[in-house]
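K.L.:
give me coordinates for this.
(one chain, ligands or ions: 2)
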Amino acid sequence: MAVNTKAKKVAKTATKKVAAKPAAKKTASSARAAKGPKYVYTWGAGKADGDGTMKPLLGGKGANLAEMTRIGLPVPPGFTVTTEVCTYYYANKRTYPATLQAQMEAGVANMEKIMGTKFGATSGMPLLVAVRSGARDSMPGMMDTILNLGLNDQTVVALENTTNNPRFAWDCYRRFIQMYGDVVLGVQKREGEDHEPFETVIHAFKHERYHEDIEDSKLTADDQKELVKRFKDLVKERTGKVFPNDPWDQLRGAAGAVFGSWMNDRAIVYRRKYNIPSEWGTAVNVQAMVFGNTGENSGSGVAFTRNPANGTNEFYGEFLVNAQGEDVVAGVRTPEPVIKLKDVMPKSYAELLQVRKTLEKHFKDVQDIEFTIQEGKLFMLQTRNGKRTAAAALKFSIDMVKEKLIDWQTAVLRNPADQLEQLLAPIFDLAEVKKAKVIATGLPAGPGAATGRIYFNADRAVVAAEKGEKVLLVRVETSPEDLRGMIAAEGILTARGGVSSHAALVARQMGKVCVCGAAAVAIDYDKKTATIAGQTFGEGDYLSIDGTSGTVYAGQIKTAPSEIIAGLLDGDKAAQATEKFKSYAQLMKWCQQATRMSVRTNADTPEQTRNAIAFGAVGIGLTRTEHMFFEGDRIDAMREMILAETVEARKAALAKLLPFQRSDFLGIFKELKGYPATIRFLDPPLHEFLPHTKEQQMDLARKLGIAVEKIMARVHELHEFNPMLGFRGCRLGIRYPEITEMQARAVFEAAVEAKKAGVKANPEIMIPLVGFKKELDLQVEIVHATAKAVQSETKTKFSYAVGTMIEVPRGALTADEIAKTAEFFSFGTNDLTQTTLGMSRDDSGSFLPPYTEAEIVKKNPFATIDQTGVGQLMEIAIAKGRSTRPDIKLGICGEHGGDPDSVKFCHKAGLAYVSCSPYRVPVARLAAAQAAIEEARKAAASKAAPAKGKKK
Ligand code: PEP
Ligand code: MG
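P.N.:
Ligands and ions are numbered 1, 2, ... in the order given. The predicted structure follows:
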């Protein structure tokens, strides 16, 4: 049977072309100068208007289809409607530019010429097209695709007659109505329905005719015809409208739906999660259909040029014989591994291997491809950089340096800093897992170990997770609607679907543990149960899944740290010998080589300090001394100090605290082995230390031997409406200088003891919440006097520095004044954010989500620095601080110090270090190195640009 002879020619001519011609740098604006705005970019038969560099205009998919065409790969012809049209569409009440229709007609004519077919032909071979979205960054499964467009009651007959394959022709038509009905006409699941309405119709039909759930590929032409009829009835019933017959109406409707899908709920959720700005818009790609569903000699597949789950250099993916691409990713039929293609279609497999090589060599990165084989001919439908787990990203980057495909700086950039924490994620405790009962196995789709209570519906999973439960989302298969549930879950388990199913792709990208295609999991959505190996589990019961091996266990299993944690923190030799550990160590070595900023840690105990140093921290950027008062009985002495009514009584209570502080500092100095320690003096409002319930107050009264009324009175006295703006920070030390004195003494006595023990201490005393130079002066005076006293008492010299936090706007604005006294600044961006934005860091959760939703703030400002506001104050403080003390040491110790975007901002702002919690040290190191590499590359590029200009 011949589906389309010209299509074969396309494949042939295309594969002959090998070298890519340098792309003619066509931009929308240069084309505009010639004949008005260019909205449509065509490709096909070895030529393309666009190229791979034009992702902002053509979207990732369109740009890469053009690029693949240019490098001679067999790509069916098509055209891209640019992202500018999407912007126009939303700016002009969902209408199109006047010249678009004519340009699209020219695009269709180009396809017709290359394919030798005609759009809407009622005799001969009709041109059918696929309509796909394509944003600048790929958003897998988040937007909509329509295949087989151009079919109607007349063209389907032409297709049937030309191909002499009625089953195929009606299968295409049935699929088209289903997709178009769903995406464009909105025939979708209603409240309370667990299945798509079209699927419900198919299911009922199969049971009516065959009394079982046969595979779609077993449906006959007559079955498909009947389904077409029932589908059209369904469309009429649900929308009140007749299914559109005119191919051009269909095409316009489809393009509108793709643009419309840019603003659908799941696309918005996805963009928010990955910080993709809504103003980018999506392109629409219209491409000539080639068919994987013409029979046993055809098929469709998706593959990665390397394994995206663990990074192994193996061809990884799957295909289905006699199927269209959607079947593979939808997870409805479980596909075969791509290497099995070698047995069924050896020629196409060999060709595909060649394409794999060409793509990696050309794009210098792992590619995620879609292909179709139409009667033995291979066609490429898509390539993009493959999404990958952190483990895979690490292995790809190390391997590609060895293969000389990329340099080490690129390797550093290839590891997303915000994914690095995945590598530190826990695995199952080996001893526990041996005892656990394996109840099913599926495909290992997202590595790691997860244990949690199961939920069969995304919404219920979200609700449970919000209550603090660890949740596993268990579904027959997942669809993009489940995204919120997937985000909330620790792991995802599906009964159907392959390694590139939606569940798997999204889980890997989010670093979620995922097992899919576990066929033994029988889910009953109505009863809210899953029966696995004869055991029935209800919602709320525990399961555990291992996404590295694909195993499903009954019950809860303890998790254990990853090899990297075990190797670094426990010195585990076996863990250190693993490839993962060694690759991580190599990456960190490169980071070290590239970085300008150093990374310190926020640590309050010797153990935290030890961990952070193992992660590569080179000092402490913040010790919150108040955290040291919460342990054991110390809180009692602290309370005694607060309740003291005279200076003497307060001093007596402080004397009890002194030895605790001293020994804590000594422990920390010993762990630091000479690295600096920024020690922040008492900061929080005192009421935080006092008991608030009557019982607790009576208990304390008994312990201290005072009247409970006294305690109640003091609690009342210390009560503040807005304690974060109240009696805290240096204000405490100014009102009660003896507190500052005790803390300084503890630090210095510990330094002396450390010296005796052969360890050099390097304390940097930090005064919090300074807004006036005088505040700092008064505190510094006490610190210096105490240092002098301790030095003379102990006859020991030690060095130290005194500086301040910049965490209120007045401090930033008068930094030149403050820097006359402060030897260093550390930006306390937690407080600086709340005082700059006038938003409470504790209570803003109630309105921040709608703020991010409305894009008033791009990201949570307490997680990522608000660069335009808070960032500007930091820049002012840096410039002013340097104006009076050019060598002032600058750092940051707010939570932002472990956030990759904020770390990059700090690099640009010129800070010497960032400080973050111990487990985020690797992330900060990577982000700091990336910032340095990006800066160096930018500088090199701008140096090269004028040089080029001169030659001309
Ligand atoms: C800050 O305000 O950024 C800071 C580090 O101090 P804390 O979080 O303890 O107020
Ligand atoms: Mg603070």
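K.L.:
can you give me the helices for the stretch 701-850 of the chain?
P.N.:
708-718, 730-735, 737-756, 773-794, 809-813, 815-818, 829-837, 848-853 (DSSP state H, counting those that start in this stretch).
K.L.:
from memory W280 sits against Y90, does it?
P.N.:
No. Look at W280 against Y90 with Cβ atoms under 8 Å: they stay out of range, at 11.5 Å. The C-beta positions use only the backbone N, C-alpha and C, and glycine is treated the same way.
K.L.:
show me which of those two is the more surrounded one.
P.N.:
A count of neighbours by other Cβ atoms under 10 Å puts W280 above the other of W280 and Y90, at 18 against 15.
K.L.:
tell me who's in contact with the more buried one.
P.N.:
W280 makes contacts with 56, 83, 135-137, as judged by Cβ atoms under 8 Å, 6 or more residues apart in numbering.
K.L.:
same thing but at 10 Å, please
P.N.:
55-56, 59, 83, 86-87, 135-137, 262, 271 (Cβ atoms under 10 Å, 6 or more residues apart in numbering).
K.L.:
distance of it relative to D546?
P.N.:
Here W280 is placed at a distance of 37 Å from D546 (Cβ to Cβ, to the nearest Å).
K.L.:
ok, G733 next?
P.N.:
52 Å.
K.L.:
equivalent analysis for G72, please.
P.N.:
Here the criterion is Cβ to Cβ. By it, G72 lies 43 Å from D546.
K.L.:
equivalent analysis for T294, please.
P.N.:
T294 is 40 Å from D546, by Cβ to Cβ.
K.L.:
buried set for the longest helix along the chain?
P.N.:
For the chain, the helix with the greatest residue count under DSSP state H is helix 921-951. Within helix 921-951, the residues scored as buried using 16 or more other Cβ atoms under 10 Å are 921-934.
K.L.:
which one among the residues you listed gets closest to ligand 1?
P.N.:
Ligand 1 has its nearest neighbour among the buried residues of helix 921-951 in A924, at 14.5 Å by Cβ to the nearest ligand atom.
K.L.:
local confidence estimate at that closest one?
P.N.:
As predicted, A924 sits at a pLDDT of 97.
K.L.:
on that earlier part again, so what sits against both of W280 and Y90?
P.N.:
Going by Cβ under 10 Å, 6+ apart, residues that sit against W280 and also against Y90 are W262.
K.L.:
in the helix or strand containing W248, what's buried?
P.N.:
Assigned by DSSP states H and E, W248 falls within helix 247-261. By 16+ other Cβ under 10 Å, the buried positions in helix 247-261 come out as 247, 250-261.
K.L.:
rounded mean pLDDT for it, please.
P.N.:
Here the average pLDDT along helix 247-261 is 93.
K.L.:
helices or strands up against the helix or strand that comes right after that helix?
P.N.:
For helix 247-261, the succeeding helix or strand toward the C-terminus, using DSSP H and E, is helix 265-274. In terms of contacts (3 or more Cβ pairs under 10 Å, 6 or more residues apart in numbering; DSSP states H and E), helix 265-274 is packed against strand 129-135, helix 483-488, helix 502-510, helix 848-853.
K.L.:
how about those in TSV, adding mean pLDDT, mean neighbour count and distance to K395?
P.N.:
Output for the helices and strands packed on helix 265-274, formatted as TSV (pLDDT from 0 to 100; neighbours: other Cβ atoms under 10 Å; distance: least, Cβ to Cβ, whole Å):
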stretch	mean pLDDT	mean neighbour count	distance to K395
strand 129-135	93	26	27
helix 483-488	86	21	24
helix 502-510	65	26	14
helix 848-853	80	13	34
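K.L.:
tell me which of the ones you listed sits nearest to ligand 1.
P.N.:
Here helix 848-853 is closest among those (Cβ to the nearest ligand atom), at 17.3 Å.
K.L.:
report all helices and strands that that closest one contacts.
P.N.:
helix 265-274.
K.L.:
after the helix it packs on, which helix or strand is next? Please name it.
P.N.:
Heading C-terminal from helix 265-274 (DSSP H and E), you reach strand 282-288.
K.L.:
beyond that next one, next helix or strand please.
P.N.:
strand 299-304.
K.L.:
extract the C-alpha trace of that following strand and format it as CSV.
P.N.:
What follows is strand 299-304, C-alpha atoms only, in CSV (Å, rounded to 0.1, in the frame of the first residue of the first chain):
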residue,chain,number,x,y,z
GLY,A,299,5.1,3.1,14.0
SER,A,300,5.8,6.0,16.2
GLY,A,301,8.3,6.5,19.0
VAL,A,302,9.9,8.9,21.4
ALA,A,303,13.4,8.5,22.6
PHE,A,304,16.3,10.2,24.4
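K.L.:
mean confidence for the helix or strand that comes right after that strand?
P.N.:
Sequence order places strand 316-321 as the next helix or strand after strand 299-304, per DSSP H and E. Strand 316-321 shows a mean pLDDT of 93.
K.L.:
ok and the residue in the stretch 51-200 of the chain nearest ligand 1?
P.N.:
D137 (31.6 Å).
K.L.:
nearest spatial neighbour of that residue, skipping sequence neighbours?
P.N.:
I276 (5.6 Å; Cβ to Cβ, 6 or more residues apart in numbering).
K.L.:
repeat that for F665.
P.N.:
That would be A750: by Cβ to Cβ, 6+ apart, it lies 3.6 Å from F665.
K.L.:
enumerate every residue touching the one you found.
P.N.:
661-670, 677, 679, 761, 763, 798.
K.L.:
same for the helix or strand that contains K582, what does it pack against?
P.N.:
According to DSSP H and E, K582 maps onto helix 579-594. With contacts defined as 3+ Cβ pairs under 10 Å, 6+ apart, helix 579-594 has these neighbours: helix 390-402, helix 408-413, helix 563-569, helix 573-576, helix 921-951.
K.L.:
got those helices as CSV, with distance to V783 columns?
P.N.:
Output for the helices and strands packed on helix 579-594, formatted as CSV (distance: least, Cβ to Cβ, whole Å):
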stretch, distance to V783
helix 390-402, 44
helix 408-413, 41
helix 563-569, 34
helix 573-576, 43
helix 921-951, 29
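K.L.:
looking at those helices, which is closest to E807?
P.N.:
helix 921-951 (19.5 Å; Cβ to Cβ).
K.L.:
what angle sits between the closest one and helix 579-594?
P.N.:
50 degrees (axes from the mean of the first three to the mean of the last three Cα atoms, to 10 degrees).
K.L.:
relative to the whole chain's centre, how far out is helix 921-951?
P.N.:
Centroid separation between helix 921-951 and its chain, computed with Cα atoms, centre = their mean, to the nearest Å, is 24 Å.
K.L.:
which other helices and strands does that helix contact?
P.N.:
helix 408-413, helix 579-594, strand 598-602, helix 606-614, helix 900-909, strand 913-916.
K.L.:
the closest residue in space to G555 that isn't next to it in sequence pairs with what?
P.N.:
Leaving aside its sequence neighbours, G555 sits nearest to Y542 (Cβ to Cβ, 6+ apart; 5.1 Å). Residues in a beta bridge with Y542, per DSSP bridges, are R453.
K.L.:
which pLDDT value goes with Y542?
P.N.:
pLDDT recorded at Y542 is 97.
K.L.:
same question, L832
P.N.:
96.
K.L.:
distance check, it against K218.
P.N.:
65 Å.
K.L.:
just the buried residues of the contacts of A750.
P.N.:
For the contacts of A750, a burial check counting by 16+ other Cβ under 10 Å picks out 661-670, 677, 679, 761, 763, 798.
K.L.:
nearest to ligand 1, of these?
P.N.:
I679 (12.5 Å).
K.L.:
contacting residues for the closest one?
P.N.:
I679 touches 604, 620, 622-625, 661, 664-665, 668, 743-744, 746-747, 750, 763-766, 800, counting by Cβ under 10 Å, 6+ apart.
K.L.:
so what pLDDT did it get?
P.N.:
I679 carries a pLDDT score of 98 in this model.
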